[in-house]
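[1] one predicted model, sequence on top.
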Amino acid sequence: MFHQCPPGYEKKFADFIHLCEEAKAKGISQVVIQYPWVIGDTYEEVIESLGRLADAGLDLHITARKDYASGN
């Protein structure tokens, strides 16, 4: 199966990409995010983010759900 990064992903999720790169470089094995939309708003974006986490050998943790407005 051919993989294609969603259009605009690298710009939209530059902070997340940097987080993954920095964690890997520092030998950190876990990433914690506060909101689920940090990894994507669409199926394609979420899959891309999960792939980047896997490529970096990182575990993902999402904090407990609270009453918050959607980031969408």
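    Everything's here; your move.

[2] residue 20 - how many residues pack around it?
    Close neighbours of residue 20, defined as other C-beta atoms under 10 Å, add up to 21. Using the backbone N, CA and C atoms, a C-beta is placed for each residue, glycine as well.

[3] element containing it?
    Assessed by DSSP states H and E, residue 20 sits inside helix 14-25.

[4] now do that helix: distance to the chain's middle.
    In terms of C-alpha atoms, centre = their mean, to the nearest Å, the centre of helix 14-25 is found 9 Å from the chain centre.

[5] now it: mean pLDDT?
    Helix 14-25 shows a mean pLDDT of 92.

[6] buried stuff in whichever helix or strand comes after it?
    Later in the chain than helix 14-25, the nearest helix or strand by DSSP H and E is strand 30-33. Burial within strand 30-33, assessed by neighbour count using 16 or more other C-beta atoms under 10 Å, is assigned to residue 31.

[7] name every strand pairing with strand 30-33 and say which way it goes.
    strand 59-62 (parallel) (DSSP bridges).

[8] using PDB, write out every CA atom in the strand it pairs with.
    These are the backbone C-alpha positions of strand 59-62, laid out as PDB (Å, rounded to 0.1, in the frame of the first residue of the first chain):
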ATOM      1  CA  ASP A  59       4.100   5.400  23.300                       C
ATOM      2  CA  LEU A  60       1.100   7.800  23.300                       C
ATOM      3  CA  HIS A  61      -0.900   8.800  26.400                       C
ATOM      4  CA  ILE A  62      -3.900  11.100  26.300                       C
END
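
[9] so who does the nearest residue to residue 42 once chain neighbours are set aside touch?
    In space, and not counting its chain neighbours, residue 42 is closest to residue 6: 7.0 Å by C-beta to C-beta, 6 or more residues apart in numbering. Contacts for residue 6 (C-beta atoms under 8 Å, 6 or more residues apart in numbering) come out as 42, 44, 45, 48.
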